[in-house]
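K.L.:
what's the 3D shape of this:
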Amino acid sequence: MRALHIITGLGVGGAEQQLRLLLGRLPVDCDVVTLTNPGPVADGLRADGVRVTHLGMRGNRDLTALPRLTSLIRRGRYDLVHTHLYRACVYGRVAARLAGVRATVATEHSLGRAEIEGRPLTRPTRALYLRTERLGAATVAVSETVAARLRRWGVRPDRVHVVPNGIDAAGLRHDPRARAELRERLGLGPDAYVVAGVGRLVPGKRFDVLVRAVAATPGTWLLLAGEGPERPALAALARSLGARRRVRLLGEQTGGGVAALLSAADLFVSPSGEEAFGLAVVEALAAGLPVLHHVCPAVDDLPPGQAPAARRFGGTTGELTALLRCRAAQGQRRHPPPPAVRRYDIARSARLVMEVYGHALGSGRDAVPVRTVRGERVRGSAAVRYEECAGRRARRRPVRGPSRT
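P.N.:
Below you'll find the predicted structure:
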């Protein structure tokens, strides 16, 4: 089975890193096309052995990209096209239909209440999305929250499949050596109380709330991983509050940098007001950190007791400051990874994706081969021998540690 993944860009971001992690687990021969920005994740995919093509799209209305993408898909003779992020979903579904591909699947990574991929959600945006959605065979939502939003938009319920984002839990385990090394490099003592945040430095992530709360909590330090247009404003805010030394903006973290950061921290905070999933929160839970979050479907959608170390707060600076002061007074604490971590394992996400592929290819429940792999039932194309293919691909393309902002 041959599949083509089409994504809007391959800079360092949640959807981009999720694609790389997923391809390390899918027992399918996969290529990748990025419409724009063949950034660090493209380099990582190529290092993993994945063929990556940059289409060179010049903007949202670069219609010359459509025939080029159609031709590329037709030449590749793919059995299935899988699209990621809004622009790639719109262009990719049209191109796949024109190329005569048997099935198209789209993953909706970043649909918020009023935003999509950090941009305002307008009526024309929604209309174009819905028109092109009908060209595909299935739409994947990364959380139950996103699935409900798609259904409210008018996407047929039988076309929506929930496949949560996944993590490499083993690569996120607490590492005392990495903790000591990063703290020493940053000049932080072993007893310093360290708060961590991870994400793009954009207004919607509301990291200004976190900077203000840390500045108002004496003796706490903030390590913030990520890059984006808000970086200068956040640095200026920390200076104005007299917390320049205690607020460290670490930039994009690659090559296991996020895992080291989570090992070095004592508390993880996500003040974001709009999330489709909340992958950074799940990564923090896998590292054994207590978590404070404002909006996080990955936790909010869970049954009770699945993430006991995670607590939701109302989103105000005053409430977060009070919580930080209380946690800092309690001292450094680590927790065992909660049941939610197993639920969000990347291997499980890959198995669910294979089930969606079987559905999209029209095999039907009775016609899709079912195999038991390490105790779990797996569906897939008749051409796929899951266990053997997964083993070969894992040897050829080792899964890297998390490196996401």
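K.L.:
Quick check, Ala137 in contact with Arg97.
P.N.:
No: if you go by Cβ atoms under 8 Å, Ala137 and Arg97 don't touch, sitting 10.6 Å apart. (C-beta placed from N, C-alpha, C; glycine too.)
K.L.:
Comparing the two, which residue is more hemmed in?
P.N.:
Ala137 (21 against 17; other Cβ atoms under 10 Å).
K.L.:
Let me see the contact set for that one.
P.N.:
103-105, 159, 359-362 (Cβ atoms under 8 Å, 6 or more residues apart in numbering).
K.L.:
ok, now Gly154?
P.N.:
Going by Cβ under 8 Å, 6+ apart, Gly154 touches Leu130.
K.L.:
hang on, the earlier thing: next, show the common contact partners of Ala137 and Arg97.
P.N.:
Shared contacts of Ala137 and Arg97, counting by Cβ under 8 Å, 6+ apart, come down to Thr104.
K.L.:
quick one: pLDDT of Gly375?
P.N.:
Among the per-residue scores, Gly375 holds a pLDDT of 35.
K.L.:
no, scratch that, I was asking about Cys389
P.N.:
pLDDT recorded at Cys389 is 41.
K.L.:
same check, this time on Ala309
P.N.:
Predicted confidence (pLDDT) for Ala309: 95.
K.L.:
Kindly report the same for the one 10 residues further on.
P.N.:
At Glu319, the model reports a pLDDT of 97.
K.L.:
Report the contact partners of the residue nearest to it when sequence neighbours are not counted.
P.N.:
Excluding the flanking residues, the one nearest Glu319 by Cβ to Cβ, 6 or more residues apart in numbering is Phe313, at 5.2 Å. The neighbourhood of Phe313, defined by Cβ under 8 Å, 6+ apart, consists of 292-294, 319-320, 323.
K.L.:
and if you look at Glu252?
P.N.:
12, 40, 225-227, 405.
K.L.:
now, which of these lie within helices?
P.N.:
Pro40 (DSSP state H).
K.L.:
Mind putting the contacts of Glu252 into TSV with pLDDT and neighbour count?
P.N.:
Below are those laid out as TSV (pLDDT from 0 to 100; neighbours: other Cβ atoms under 10 Å):
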residue	pLDDT	neighbour count
Val12	78	20
Pro40	88	19
Ala225	96	24
Gly226	93	26
Glu227	92	18
Thr405	43	25
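K.L.:
And the contacts of Glu252, which is closest to Thr132?
P.N.:
Val12 (26.9 Å; Cβ to Cβ).
K.L.:
what about the closest one, distance to Gly171?
P.N.:
Distance, Val12 to Gly171, using Cβ to Cβ, to the nearest Å: 17 Å.
K.L.:
where does the stretch 251-400 of the chain dip in pLDDT?
P.N.:
For the stretch 251-400 of the chain, the stretches with pLDDT under 70 are 363-400.
K.L.:
Determine whether the claim that Arg75 is in a helix is correct.
P.N.:
Yes: the assignment for Arg75 by DSSP: H, G, I helix; E, B strand; the rest coil puts it in a helix.
K.L.:
Most neighbours among the contacts of Ala137, which one is it?
P.N.:
Busiest of the contacts of Ala137 [other Cβ under 10 Å] is Thr104, holding 29 neighbours.
K.L.:
just checking, that one touches Tyr91?
P.N.:
No: under the criterion of Cβ under 8 Å, Thr104 is not in contact with Tyr91, lying 11.6 Å apart.
K.L.:
about what we covered before: among the contacts of Ala137, which are located in strands?
P.N.:
Within the contacts of Ala137, residues falling in strands by DSSP state E are 103-105.
K.L.:
got TSV for the residues you listed, with pLDDT too?
P.N.:
Shown next, in TSV, are the ones in strands among the contacts of Ala137 (pLDDT from 0 to 100):
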residue	pLDDT
Ala103	95
Thr104	96
Val105	97
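K.L.:
Using JSON lines, lay out those together with distance to Ala259.
P.N.:
Shown next, in JSON lines, are those (distance: Cβ to Cβ, whole Å):
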{"residue": "Ala103", "distance to Ala259": "36"}
{"residue": "Thr104", "distance to Ala259": "34"}
{"residue": "Val105", "distance to Ala259": "30"}
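K.L.:
What is the nearest of those to Leu19?
P.N.:
Val105 (12.8 Å).
K.L.:
isn't that closest one right up against Tyr78?
P.N.:
No: the criterion here is Cβ under 8 Å, and Val105 misses it with Tyr78 at 11.7 Å.
K.L.:
For Asp79, list the residues it contacts.
P.N.:
By Cβ under 8 Å, 6+ apart, the residues touching Asp79 are 1-3, 101-103, 361, 381.
K.L.:
go again using 10 Å as the cut-off
P.N.:
Going by Cβ atoms under 10 Å, 6 or more residues apart in numbering, Asp79 touches 1-4, 28-29, 101-103, 357, 360-361, 381, 383.
K.L.:
Can you check those and name whichever has the most neighbours?
P.N.:
Neighbour max across those (other Cβ under 10 Å) = Leu4, 28 neighbours.
K.L.:
Quick check: which element contains that one?
P.N.:
Counting by DSSP states H and E, the element that carries Leu4 is strand 2-7.
K.L.:
Who are the packing partners of that strand?
P.N.:
helix 14-23, strand 29-34, helix 40-47, strand 51-54, helix 65-76, strand 80-84, helix 86-99, strand 103-108 (3 or more Cβ pairs under 10 Å, 6 or more residues apart in numbering; DSSP states H and E).
K.L.:
Please compute how far that strand lies from its chain's middle.
P.N.:
Taking Cα atoms, centre = their mean, to the nearest Å, one finds strand 2-7 lying 17 Å from the centre of the chain it belongs to.
K.L.:
mean confidence for that strand?
P.N.:
On average, strand 2-7 scores 97.
K.L.:
where along the stretch 251-400 of the chain do the helices fall?
P.N.:
257-264, 279-286, 297-300, 317-330, 339-343, 346-360, 386-396 (DSSP state H, counting those that start in this stretch).
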